[in-house]
Structures are given as C-alpha cells and as structure tokens.
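Student: Using only what follows, build the 3D model:
(one chain, ligands or ions: 2)
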Amino acid sequence: MRMVDLIEKKRDGGELTTEEINFIIEGYTNNEIPDYQVSAWAMAVFFKDMTERERADLTMAMVHSGDTIDLSAIEGVKVDKHSTGGVGDTTTLVLAPLVAALDIPVAKMSGRGLGHTGGTIDKLEAIEGFHVEISKEQFVDLVNRHKIAVIGQSGNLTPADKKLYALRDVTATVNSIPLIASSIMSKKIAAGSDAIVLDVKTGAGAFMKTAEDAKELAQAMVRIGNSVGRKTMAVISDMSQPLGFAIGNALEVKEAIDTLRGKGPKDLEELCLALGRQMVFLANKASSLEEAEEKLREVIRSGKALEKFKEFVANQGGDPSIVDHPEKLPQAAFQIEVPAREDGVVAEIVADEIGTAAMWLGAGRATKDSEIDLAVGLMLNKKIGDPVKTGESLVTIHANRKEVTDVIEKIYANIRIADHAEAPVLVHGIV
Ligand code: URA
Ligand code: CA
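Tutor: Numbering: from 1, shown residues only. Ligands and ions are numbered 1, 2, ... in the order given. Below you'll find the model as predicted:
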C-alpha cells in the first residue's frame, strides 16, 4: 500500500477500506508516514468527508494506537460523561455524586488541562487534603464499594490522536466533523466505559458556534459510539454565556455543593438533569428518561446526593466538613464588584471572553506549566435576560491582586446591556 494512492483516493471522493485506514494510522503513529502526507489526507477529508463506516474505523484505529483501560473489574454498567468544553462548566462535580447516589459506578479518569479554569482534578484539589494519587487497585475498590472515585489520567492513551490533533492544529484541518468526532470518541472509548453521554456545546464559548453544527457533531459521535458497541447519547447545550454563576476552581466547588443541595443556579441544575437522566437510562437504572429524571430529583431532595459527595471527598483524603462550611475553601483576598453603568436588561455575556478574564486572575492555565490560583475567579450576579439598574453589581471579582483594571475592562467589553433580551434556551436538543 502507498500513502500517495490513499490521499488521491480520498481527494477524488472515494471511500477508504478498513485496512487502508489502519495503514494510515499505524504508519503515522510509528513515524513511517510523514506529516506532509497525513496533512494532505486530512485536508482531503476536510473537503470530501468520511462515510459512517470510515469514521468508526478511524476511531477504532486511534483507540488501538495505544493503551486502553480495562474497567471490567468494576461491577455494573460504567457510564462516562464528556463535554466538548465550555466556560464555568461545573457539571462533572455535580453529576458524579448525583448518579453514584443511584448506585451507578462512576470511575472517572480526569485531567488538569489548559483553559479558563482548571480541570475537574484541579477543582477538587481546592478541598484540603483531596488527592487523586491512588493506585489502580484502590480506584477499582473504591468504585466497587462506594460507586465513585477519581484518578489522574495515566498511560499512553490514543497517541495517534495526540499526533494527528497537533498536526490538524497547524494545517487548518481541526474544524472537520469526521475528524473531531473520531478524535473525541477515540479518547472516550480507550478510557473503557460501557456507555457514553456527550454534552455538545454551542455558542460563543464553544467549538461549534451554531446549533446546527453542534447537532451534526453530536449525531456523528453518537453514531460512532453505537456502531462500535458503546451505547451513546448526547445533549446539545447552550454555551453563549457561562454556565451557572461561578467561574473559578473553589468557587465552582461551592456552586456544585449548592446544586447537589437543590439550591444551585437553574441553568446548571437543568443541564445536570438533562445529562444525568441519559446516564441513568443508559446504566439501565430507569426504563425511560422521565423516570430517570424523577430518580435524580429524589436523591437531591433526600440529601443522598450530597451525602455521596461527602463520602467521595473523605474517601480520597479530603475534608468533608467543607460541604457544610464552604468558607473553609480557599478564599481570595479581594472581592471587587463591577457595577452596571446603565439601566436595562443583560443581553449578552460573551462566554469565552469572560472565561479569559477569569484566567487572567489566575483561575486557569495559559501554558502547561502555569500555576493555578484555586481561590480566584468570577461570580456572575446577572445572567442574560435579567433586568439591571445602574450601580447594581454585574460580576463579583475574586482576586488575589488589588489592581484588576484589566479584568474590569474585559468584563465591561463583554457584557452588553440592551432594552430587551430573553434568556437563551439551554438545551437545544437531544440525540
Ligand atoms: N477536541 C478534541 O479532542 N479533538 C478535536 O478534534 C477537537 C476538539
Ligand atoms: Ca459555573
């Protein structure tokens, strides 16, 4: 087989066979096929697309390019949740104990990562003593006994995706639905769960700027998952404004606790229920989505979800008293209000720009080696559709520096006040 022939075939709109796709991915992983040929192939895919069969084959070829995690020692149907990435997205911290409270095993492998705030692990480390440095055996044992544990990502998962994603990044081929879908799904499948729930974001703070594109991506991923034997569902959700009120690590832990108590921001709660009910349904713990949602509401009402969170924190060395005493979480030295400069209704809160403002305070990493300040971040006091009067606070800045003019300017530039506006629809659809 010659790579040049496969590039030509895709360039002319042909369908590659399973063997041909395996040849490309194996050859690229082993450094036998050079970057310039794989970039030409990726560009051909960008213009000519891939069939459903090709997408599933590409996904599995990337899964098999490295280690895969074996979760078979954990009893029950393991359901994983993945978000395509948003601002102030606190859903994992809420969903993990919420579904574990219904005896669904949550075996979460998580990362730190780059972004406006830290990853799930960084957020949890805002709790004194909490750690994810546990052995594989402890991890499995905790999930079997308590239905919930989080461990740091380890091993050499999907090296082909790492290489291909980096190449796409510099060859203008990131924004291709078959390539994004197989990239995300390969990582989820290699991580070993039986079923997958996807939160595909749309809007300014998201990868997919329109609901139509988000739906197409969601459908592509759901088809890949189901065709390779992992039950998969998706929610398409709004990320035109940040989710909930909190953007920051300790601030989001507090927000997750409020939500588990039934006292969180309405949008965060709605999204957690939309994703959670798919997780419960796929884990065979309910016969319909409606029944699944009722069960979730019940563990919030009864306090079981909050108890599960405490148990989880204590199991991994953390201080569970923070649940009842959130003032024990890291606190920033300064709280600075950003008052509205006119009367009206909040019409726009540009999610990614507001996220960047939180990152400037130190809530997230700009590079792999940056240090995170777990205490800092932003609390939104208004969301889109809320009326506001001059002088009322739009945002509270939690900072460990006194001088925050840069952050204030960024906030004013990205919150628009108009005469009329309505709250956006949060859930655009389910797949
Ligand atoms: N996220 C991924 O993991 N892969 C892509 O290709 C795009 C976004
Ligand atoms: Ca939030």
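Student: Find the closest residue to ligand 1 in this structure.
Tutor: For the chain, the residue closest to ligand 1 is Ser183, as judged by C-beta to the nearest ligand atom, at 3.4 Å. The C-beta positions use only the backbone N, C-alpha and C, and glycine is treated the same way.
Student: Flag every buried residue along whichever helix or strand that residue is part of.
Tutor: In this assignment (DSSP states H and E), Ser183 forms part of helix 177-190. Residues 177-190 are the ones in helix 177-190 that count as buried (16 or more other C-beta atoms under 10 Å).
Student: now, among those residues, which is nearest to ligand 2?
Tutor: Set against ligand 2, the nearest of these by C-beta to the ion is Ile184 (21.9 Å).
Student: What is the neighbour count of Asp194?
Tutor: 18 (other C-beta atoms under 10 Å).
Student: can you list the residues of the stretch 51-200 of the chain near ligand 2?
Tutor: Residues of the stretch 51-200 of the chain found near ligand 2 (C-beta under 5 Å from the ion) are 88, 90.
Student: Now do the helices in the stretch 101-250 of the chain.
Tutor: Here the stretch 101-250 of the chain has its helices, by DSSP state H, counting those that start in this stretch, at 120-124, 136-146, 159-169, 177-190, 211-227, 249-260.
Student: Among those helices, which comes closest to Arg2?
Tutor: helix 159-169 (19.6 Å; C-beta to C-beta).
Student: now that closest one against helix 177-190, angle please.
Tutor: 150 degrees (axes from the mean of the first three to the mean of the last three C-alpha atoms, to 10 degrees).
Student: What helices and strands are in contact with helix 159-169?
Tutor: If you count contacts as 3 or more C-beta pairs under 8 Å, 6 or more residues apart in numbering; DSSP states H and E, helix 159-169 packs onto helix 18-29, helix 35-48, helix 52-63, helix 177-190.
Student: Just the terminal-to-terminal distance for stretch 116-123.
Tutor: Taking C-alpha to C-alpha, to the nearest Å as the measure, stretch 116-123 stretches 12 Å from start to finish.
Student: same thing with stretch 62-72?
Tutor: OK, stretch 62-72 end separation, C-alpha to C-alpha: 21 Å.
Student: returning to that earlier point: which stretch in the helices of the stretch 101-250 of the chain has the least confidence?
Tutor: Of all these, helix 120-124 carries the lowest average pLDDT, namely a mean of 91.
Student: Please spell out which residues along stretch 333-346 are buried.
Tutor: Quick answer for stretch 333-346 (16+ other C-beta under 10 Å): 338, 340, 344-346.
Student: Over to stretch 13-28?
Tutor: In stretch 13-28, counting by 16+ other C-beta under 10 Å, buried: 16, 20-25, 27-28.
Student: could those be laid out in a markdown table, adding distance to Leu426?
Tutor: Output for those, formatted as a markdown table (distance: C-beta to C-beta, whole Å):
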| residue | distance to Leu426 |
| --- | --- |
| Leu16 | 39 |
| Glu20 | 42 |
| Ile21 | 37 |
| Asn22 | 41 |
| Phe23 | 44 |
| Ile24 | 39 |
| Ile25 | 37 |
| Gly27 | 44 |
| Tyr28 | 39 |
